[in-house]
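**Student:** Sequence and computational prediction follow.
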Amino acid sequence: MIAAVVTRAADRVASARKWLIAGGIVFVGCIPLLTSSAYIQNVMILTFLMCVLGLGWNIMSGYTGYISLGHSAFIGIGAYTAGILAERWQVSPFLVAPLGGVAAALVAFLLGLTTRRTRGPAFVIVSFALLELLGLLARNLSSLTGGSQGLAMPLPDWDLTFYNWPFYYSLLALVLLSLWMTRAIRRSKFGLGLVAIRDDEDKAAGIGVLTPVYKSLAFMSSAVLVGVAGAVYGYYVSYLSVSTMFDIVLSMQVVLAVLIGGRGTFWGPVLGAFIVVPLTELTNTTIGGLDAGAFRLLMFGGLLLLVTMLLPRGILPTAGAWLTKLKAGDTGRTGARLVESGLPTVPPSLRDESAAVGGDVLRVEDVVMRFGGVLAIDQASFSVPRGSITALIGPNGAGKTTLFNAIDGTYTPAAGDIVLEGKSLARADRTRRAFRGIGRTYQLPRLFNSLTVLENVAAVNSSFSVRRLAASAVSGEEAARATELLEFVGLGDYLDVKATDMSYGQKKLVELAQVLMLDPAVILLDEPAAGINPTLLRRLADLIRALNESGRTFVIVEHDMQFVLALADRATVLARGQVLMSGAPDVVSRHPKVMEAYLGDDFVLEKTMGGATT
């Protein structure tokens, strides 16, 4: 009964959501018309500034996952750029405010360029260092910035009765523009790539997400409108000082605001801003003086502690999860049942095979992998014929997954080469190897937990182009192909299910669909049969054989010898980092060296594929 009531209430709220949002925007827009209180207008102006700052921070830290403690630096960059240019050119700061956004975006680009390999706590430190460095420069470049004396902005020349109006509506417009940009990014393939980077950056690189480019664009997007807002705010306060324009407290406040509202959500930064700024102003008016600053630190510290303990995901995600749970009646998660029927038609490959000929599509040539003093791979060499299924087998610790990591670019070999379709991959990183035709699954499925099943597959890029970045996330030709691939693996009814809600075996099928979306020349499967039930094992065997019959090439690492050797055309045995031998599965399985090193003398190869007769 309660669940039904909650469901009806939630449905009514959802249907009225657009009207509620529109009404809220109209009301906020009418506040200067409804009251002449300079105090109320000032609080709203500061709230709008926090909204723009929070929405920008959310792109960098919420969607991309790079936590910044120096985002208020872009406020200072925008303000000082507009102030300096307005003074030099004798124009209104409003006219040069967009250049403040350009300057902020350029600094953000440099930040992305210099932190290509910096993640986690190291990036947090770098972002804080950027804020301090820019503040130091502003203090010392006194001929430009006024140094410790500050920089006076030209006074507005309009009627003082309406003094706040231009600033009020300019910042409100920037809030709306920031919301539009945030939504456009999240609904694009670019946005999927950002969330993929946040959830698993290494995996994202392996499915064609060009992470350095994505991160630089995200940083620039997060800074550009903040810089414009900083220029408007600087004009509003009429005086620029380093302590206010490069303020670490403001950076901490924006982090708190977004965490309260919900990091990585659309409306979370706005909700957080409308909580944090009024609370700040309330302490200023009720306490005042130095005591107000100390009280704010205690209050915000307590808020941060409470949010972390009680609402770690923020208000909006937590409320959304509660509503979803109540609407579902708390029935729990149910796994998908695979229908044991004939496979759908194998989706055709989109690769240009005009230059493809027979022979080896992949060659591993004398690859050596060292980890300190440990020799993990010792001059391993083998080849993979086009259109074949090659089993890479061997005991635990033989170096099979390490060799996969060398092939897909996760590791850089100390010596040797990987050759794909006659071309060396020595200078290609993970993403470029994905573009060239290396696709890979993992022992434990690595999906992007924040995305749906369809979004996980649609996030894949087989090449890079600006058009792909701007493409819609889950519509258009690529989304249609992602849907087709999910239907092929048997998950067509689960497109909108979160990846975290899929069973272990289903996640392996989603990951296979991801690889097929990449349309690679070679598919590397790392222990695909591990941990899945017999029904799914038969399904997986059927999928691999159907794909192979359509021309796909596989290299499979697997410990279920009956499964993999019955599927394979060739087998390569790895032991102690060295290739022991290669050949037909029935020959390899009976070889004395292989039986001694791995299979044992009682192994008998049965002609079955996960229970399906060959």
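**Tutor:** Received the coordinates, thanks.
**Student:** which of the residues in the helix of greatest length in the chain are buried?
**Tutor:** Of all the elements of type helix in the chain, the one with the most residues (DSSP state H) is helix 211-237. Neighbour-count burial for helix 211-237 flags 211, 214-236 (criterion: 16 or more other C-beta atoms under 10 Å). For every residue, glycine as well, the C-beta is placed using N, CA and C.
**Student:** what helices or strands is that helix leaning on?
**Tutor:** In terms of contacts (3 or more C-beta pairs under 8 Å, 6 or more residues apart in numbering; DSSP states H and E), helix 211-237 is packed against helix 38-57, helix 73-89, helix 93-114, helix 165-186, helix 189-199, helix 201-206, helix 242-245.
**Student:** cutoff 7 Å now
**Tutor:** helix 38-57, helix 73-89, helix 93-114, helix 165-186, helix 189-199, helix 201-206 (3 or more C-beta pairs under 7 Å, 6 or more residues apart in numbering; DSSP states H and E).
**Student:** Now do it against helix 165-186, angle only.
**Tutor:** 170 degrees (axes from the mean of the first three to the mean of the last three C-alpha atoms, to 10 degrees).
**Student:** Next secondary structure element downstream of helix 211-237?
**Tutor:** strand 239-240 (DSSP states H and E).
**Student:** That next one - what's its average pLDDT?
**Tutor:** On average, the pLDDT along strand 239-240 is 94.
**Student:** Can you list the strands that it pairs with?
**Tutor:** strand 151-152 (antiparallel) (DSSP bridges).
**Student:** So for the partner strand, mean pLDDT?
**Tutor:** Here the average pLDDT along strand 151-152 is 92.
**Student:** same deal with stretch 73-86?
**Tutor:** Mean predicted lDDT for stretch 73-86 stands at 97.
**Student:** What of stretch 390-400?
**Tutor:** For stretch 390-400, the per-residue pLDDT averages 92.
**Student:** Now the helices and strands packed on helix 211-237 in CSV, please, with extra columns for mean neighbour count and distance to Ile260.
**Tutor:** What follows is these, written out as CSV (neighbours: other C-beta atoms under 10 Å; distance: least, C-beta to C-beta, whole Å):
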stretch, mean neighbour count, distance to Ile260
helix 38-57, 23, 10
helix 73-89, 25, 20
helix 93-114, 21, 24
helix 165-186, 19, 17
helix 189-199, 25, 19
helix 201-206, 21, 26
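**Student:** Export those helices to CSV and append columns for distance to Asp569.
**Tutor:** Converted to CSV, the helices and strands packed on helix 211-237 look like this (distance: least, C-beta to C-beta, whole Å):
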stretch, distance to Asp569
helix 38-57, 53
helix 73-89, 57
helix 93-114, 45
helix 165-186, 44
helix 189-199, 34
helix 201-206, 26
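**Student:** of all those helices, which lies closest to Asp501?
**Tutor:** helix 189-199 (14.9 Å; C-beta to C-beta).
**Student:** what helices or strands is that closest one leaning on?
**Tutor:** helix 201-206, helix 211-237, helix 466-470.
**Student:** nearest to Thr64, of these?
**Tutor:** It is, among the helices and strands packed on helix 189-199 and with distance given as C-beta to C-beta, helix 211-237, at 4.6 Å.
**Student:** Minimum distance to Pro154: which of the helices and strands packed on helix 211-237 has it?
**Tutor:** helix 73-89 (6.1 Å).
**Student:** what's that closest one packed up against?
**Tutor:** Packed next to helix 73-89, using 3+ C-beta pairs under 7 Å, 6+ apart, are helix 93-114, helix 120-140, helix 211-237, strand 239-240, helix 242-245.
**Student:** can I get these in a markdown table with distance to Gly301?
**Tutor:** A markdown table is the format used below for these (distance: least, C-beta to C-beta, whole Å):
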| stretch | distance to Gly301 |
| --- | --- |
| helix 93-114 | 27 |
| helix 120-140 | 18 |
| helix 211-237 | 25 |
| strand 239-240 | 29 |
| helix 242-245 | 21 |
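**Student:** State the three-state secondary structure for Ile67.
**Tutor:** coil (DSSP: H, G, I helix; E, B strand; the rest coil).
**Student:** Count residues in the vicinity of it, would you?
**Tutor:** A count of nearby residues for Ile67, using other C-beta atoms under 10 Å, gives 17.
**Student:** what distance separates stretch 21-40 from the middle of the whole chain?
**Tutor:** Chain-centre distance of stretch 21-40: 36 Å, with C-alpha atoms, centre = their mean, to the nearest Å.
**Student:** what's the answer for stretch 16-28, then?
**Tutor:** On C-alpha atoms, centre = their mean, the centre of stretch 16-28 falls 30 Å from the chain's centre.
**Student:** contacts for it?
**Tutor:** Stretch 16-28 is contacted by residues Leu172 when judged by C-beta atoms under 7 Å, 6 or more residues apart in numbering.
**Student:** Quick one: closest of the helices and strands packed on helix 73-89 to Leu350.
**Tutor:** helix 211-237 (22.5 Å).
**Student:** Quick one: distance of that closest one to the chain centre.
**Tutor:** Between the centre of helix 211-237 and the centre of its chain there are 19 Å (C-alpha atoms, centre = their mean).
**Student:** Would you confirm that Gln370 contacts Ala414?
**Tutor:** Careful, residue 370 is Arg and not Gln. Yes - counting by C-beta atoms under 7 Å, Arg370 does reach Ala414; the two are 4.8 Å apart.
**Student:** what touches both of the two?
**Tutor:** By C-beta under 7 Å, 6+ apart, no residue touches both Arg370 and Ala414.
**Student:** Could you list the low-pLDDT ranges of the chain?
**Tutor:** Residue ranges of the chain with pLDDT under 70: 1-15, 288-293, 326-343, 351-358, 599-614.
**Student:** Which residue ranges make up each domain of it?
**Tutor:** 38-248, 360-446+520-609 (automatic domain parsing).
**Student:** quick one: the residue lying closest to Ala86 once chain neighbours are set aside and Tyr80, what's the gap?
**Tutor:** Excluding the flanking residues, the one nearest Ala86 by C-beta to C-beta, 6 or more residues apart in numbering is Pro93, at 4.4 Å. From Pro93 over to Tyr80 the distance is 11 Å, taken as C-beta to C-beta, to the nearest Å.
**Student:** Then Gly314?
**Tutor:** Relative to Tyr80, and taking C-beta to C-beta, Gly314 is found at 32 Å.
**Student:** would you list the helices and strands packed on helix 189-199 in JSON lines and tack on distance to Phe274?
**Tutor:** As requested, the helices and strands packed on helix 189-199 are exported to JSON lines (distance: least, C-beta to C-beta, whole Å):
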{"stretch": "helix 201-206", "distance to Phe274": "32"}
{"stretch": "helix 211-237", "distance to Phe274": "16"}
{"stretch": "helix 466-470", "distance to Phe274": "31"}
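**Student:** Can you tell me which of those helices is nearest to Lys325?
**Tutor:** Nearest to Lys325 among the helices and strands packed on helix 189-199 is helix 201-206; the distance by C-beta to C-beta comes to 28.6 Å.
**Student:** can you map out the helices along the stretch 301-450 of the chain?
**Tutor:** In the stretch 301-450 of the chain, the helices defined using DSSP state H, counting those that start in this stretch lie at 315-327, 400-408, 430-436.
**Student:** Those helices into JSON lines, with extra columns for distance to Thr265 and mean neighbour count?
**Tutor:** As requested, the helices of the stretch 301-450 of the chain are arranged in JSON lines below (distance: least, C-beta to C-beta, whole Å; neighbours: other C-beta atoms under 10 Å):
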{"stretch": "helix 315-327", "distance to Thr265": "5", "mean neighbour count": "15"}
{"stretch": "helix 400-408", "distance to Thr265": "33", "mean neighbour count": "23"}
{"stretch": "helix 430-436", "distance to Thr265": "28", "mean neighbour count": "20"}
